[in-house]
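Q: Got a sequence here, can you build the structure:
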Amino acid sequence: MNMKRKTDTIMLKKILVEHKLDKINELSKATGINRTTLGAILSGKSQPSAEIMYKLIKALEIAPSEAGEIFFNPNLRNT
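A: Next up is the predicted model:
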């Protein structure tokens, strides 16, 4: 059975606020990721590539176990 995975944008946004990166421009500067790409990820319209996940994990100092919960959680929400 193929289980669809979706980024937990709520959890990701909480981490952004904790790091005082609540503006996409600030996050873009911290990660080197295009603002449009970040907007699509944070809105749940797009799944990040491995390279973008790595940049977010590094810039936000996300622990591996937490990163797994954020980026590889089963899509249990209907958003």
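Q: if I pick the spatially most central residue of the chain, what's in contact with it?
A: Geometric centre of the chain, nearest residue: residue 12, 5.1 Å, by CA atoms, centre = their mean. Contact analysis of residue 12 by CB atoms under 8 Å, 6 or more residues apart in numbering lists 41-42, 56, 70. No exception for glycine: its C-beta is placed from N, CA and C like everyone else's.
Q: Try it again at 6 Å.
A: residue 70 (CB atoms under 6 Å, 6 or more residues apart in numbering).
Q: low pLDDT regions in the protein?
A: 1-3, 75-79 (pLDDT under 70).
Q: ok, which stretches of it are helices?
A: All helices of the chain, identified by DSSP state H, fall at 9-18, 24-31, 35-42, 50-59, 64-71.
Q: Next one: residue 46 from residue 70, what distance?
A: 15 Å (CB to CB, to the nearest Å).
Q: Could you check which of these two has the larger neighbour count?
A: Legend: neighbour count by other CB atoms under 10 Å for residue 46 and residue 70, higher for residue 70 (22 against 15).
Q: Thought residue 13 was touching the more buried one, still the case?
A: No: taking contacts as CB atoms under 6 Å, residue 70 lies outside contact range of residue 13: 10.3 Å.
Q: which parts of stretch 49-60 are buried?
A: Neighbour counts over stretch 49-60 (16 or more other CB atoms under 10 Å) mark 52-53, 55-57, 59-60 as buried.
Q: need those in TSV with distance to residue 35, can you?
A: Shown next, in TSV, are the buried residues of stretch 49-60 (distance: CB to CB, whole Å):
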residue	distance to residue 35
52	13
53	17
55	14
56	14
57	19
59	14
60	16
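Q: Among those residues, which one lies nearest to residue 4?
A: Lowest distance from residue 4 to the buried residues of stretch 49-60 (CB to CB) belongs to residue 53, with 16.7 Å.
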